[in-house]
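**Student:** sequence? don't have it. structure:
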């Protein structure tokens, strides 16, 4: 077992170092993985499961990118290393999965990372970086781009957290004597809210916020995701978005959107050719190596995707 895990650790190191080769900053190279390991493990007590550890790193120079990478490595990379150490000793794991997603907003990338932990809870984190400016994307920048004041944001965040609280509880078990009430639990949860809650823009252009909601057991609170401005245009019609042509080259694209919303289509990297993409009858923008964006009109849209072969052997 120890010999196998040592090989896994060597593989992780090789993957980490390979990120430096992506200096051209193609779409594929914008993010590489510090750890990229999937496997199966059974501990000495017979606990068994598949594990999947994927920890991202920005492939960019400068202090802001280094700061983000260091934070990700310290928070998520260290826990993966701890699991490797447990496997070498035959001990139980306390996390089995660490995964990440990336969302583009023009030249800005948002990394959203999740990691499960014992006790059926998840750890969430979000990081934003602008490849054009080389700066970290802050909450204040996001709100300024959207024309939203801090007061308006906090008001909407409070409403969204209240809805999430009502949806998930927590319920006080029957027969338990406690001074806590649901009202007090909600009051405590709302007291944690401020402008510094981790924020990112998702694939639909929605602002997502990571918040803590109180629990009467376990860690005392758990992380949850809320969308403070989701549904504010709920009465407006949505229009269909269809991919035509080489649809297998599309990494992600929403199935529909409301008029006026910014639609982002993420495409795969093509090393032996080029990918042409265009929303038929709509003006769009190819965002460097990231993908394609357009503003949704008040009708359905076809997005044509075509692979142009360079003819290389």
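**Tutor:** Done, it's in. Treat the numbers as computed from the prediction; the structure is a model and nothing was measured.

**Student:** next SSE after the worst-scoring helix or strand of the chain on mean pLDDT?
**Tutor:** Using mean pLDDT, DSSP states H and E, the weakest-scoring helix or strand in the chain turns out to be helix 2-18, at a mean of 38. Moving toward the C-terminus from helix 2-18, the next helix or strand (DSSP states H and E) is strand 31-42.

**Student:** quick one: strands adjacent to that following strand?
**Tutor:** Note on strand 31-42: by DSSP bridges, its sheet partners are strand 48-58 (antiparallel).

**Student:** okay, buried residues for the strand it pairs with please.
**Tutor:** Judged by neighbour count (16 or more other Cβ atoms under 10 Å), strand 48-58 contains these buried residues: 51, 53-58. All C-beta spots, glycine's among them, are computed from the backbone N, C-alpha and C.

**Student:** using JSON lines, please lay out these together with distance to residue 149 and pLDDT.
**Tutor:** Shown next, in JSON lines, are these (distance: Cβ to Cβ, whole Å; pLDDT from 0 to 100):
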{"residue": "51", "distance to residue 149": "44", "pLDDT": "93"}
{"residue": "53", "distance to residue 149": "40", "pLDDT": "95"}
{"residue": "54", "distance to residue 149": "37", "pLDDT": "95"}
{"residue": "55", "distance to residue 149": "35", "pLDDT": "96"}
{"residue": "56", "distance to residue 149": "32", "pLDDT": "96"}
{"residue": "57", "distance to residue 149": "34", "pLDDT": "96"}
{"residue": "58", "distance to residue 149": "30", "pLDDT": "96"}
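
**Student:** what's the local residue count around residue 131?
**Tutor:** 21 (other Cβ atoms under 10 Å).

**Student:** distance check, residue 70 against residue 230.
**Tutor:** 32 Å (Cβ to Cβ, to the nearest Å).

**Student:** and what of residue 281?
**Tutor:** Residue 281 sits 28 Å away from residue 230, taking Cβ to Cβ as the criterion.

**Student:** repeat for residue 184
**Tutor:** Distance from residue 184 to residue 230, by Cβ to Cβ: 27 Å.

**Student:** no further queries at this time; thank you.
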